[in-house]
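# predicted coordinates and the sequence they were generated for:
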Amino acid sequence: MIRAAASTAPFDGFVKRMRRTALYLFTMIAAFSLGVIAHAIKTKQPQFSAEMREAEEYAVYSALINSFHPKNDGKLLLIQNRTESFYPHDGTGDETKYIKDHLPPDTSEETLNDYKSVDRQTKALDQRFVVNDTYLLVTEDRRHQWFTSLKSIQEFHQRYPNSTGIRLLSRVGFNKTLDEALVYSWGYCGGDCGGGGYYLLRKENGRWTIKQQRTWIS
């Protein structure tokens, strides 16, 4: 009996080694399969080109401006031809309080993070707005020249009697599915005259509409 038990020892060791090998292979295959699945899920997420994003930016701008001017009322819209940076938080102080006090509360973290990443990357704007009124793009230098003194402000209004002022726009932050947008807009008419704020828009049935806003006026 002792001899029989001893003769099975090499076989038992072989079985244990095979079990360890099988467990190792199973673990490796499972990890590989999970990686393949995760990659497949990731690649199924919408991928948007820079051109598509830019087109949506202009669609957001146009929807926002048309909300201020829902019909052609004969006004000449003046729009600064370069975006402005409007997110002032520089990493110091309480950013949470700034967000709570100034941003629409339903803004998703995804959209806000994207807005912060592009806000300081100002860019030139082109004649791609689809708005109800006639509009004209003006430079930042010209804006400063028009509003440096009471006399220049009066000259501005004499030159553009049908204008309500100059519209400034930030870059647009989006979520990953390009159906939520955050933008800052400021309308300036000289001196202490103006108003603006953050606007949260959502795309529903192919159209951008304002859902929330945090604005100020002076």
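Everything's here; your move. Numbers count the residues shown, from 1 in each chain.
# break this protein down into its domains, please.
2-44, 50-217 (automatic domain parsing).
# and those domains, which one is worst for confidence?
Mean pLDDT per stretch puts domain 2-44 lowest among the domains of the chain, at a mean of 55.
# please enumerate the strands of this structure.
In the chain, the strands defined using DSSP state E lie at 76-80, 134-138, 166-169, 173-174, 180-190, 193-204, 207-217.
# can I get these in a markdown table including distance to D106?
Placement of C-beta: from N, CA and C, glycine included. Formatted as a markdown table, these follow (distance: least, CB to CB, whole Å):
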| stretch | distance to D106 |
| --- | --- |
| strand 76-80 | 27 |
| strand 134-138 | 30 |
| strand 166-169 | 21 |
| strand 173-174 | 14 |
| strand 180-190 | 9 |
| strand 193-204 | 6 |
| strand 207-217 | 6 |
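# centroid-nearest residue for the chain?
The centre of the chain sits closest to G173, judged by CA atoms, centre = their mean, with a distance of 1.0 Å.
# got the contact list for it?
By CB atoms under 8 Å, 6 or more residues apart in numbering, the residues touching G173 are 111-119, 181-183.
# next, count neighbours for the closest residue to N81 other than its chain neighbours.
Nearest residue to N81 in three dimensions, chain neighbours excluded: L137, at 3.9 Å (CB to CB, 6 or more residues apart in numbering). A count of nearby residues for L137, using other CB atoms under 10 Å, gives 16.
# for L137, which residues count as its bridge partners?
I79 (DSSP bridges).
# show me where this structure has helices.
Secondary structure of the chain (DSSP state H): helices located at 2-7, 9-44, 50-68, 95-102, 109-119, 140-146, 150-159.
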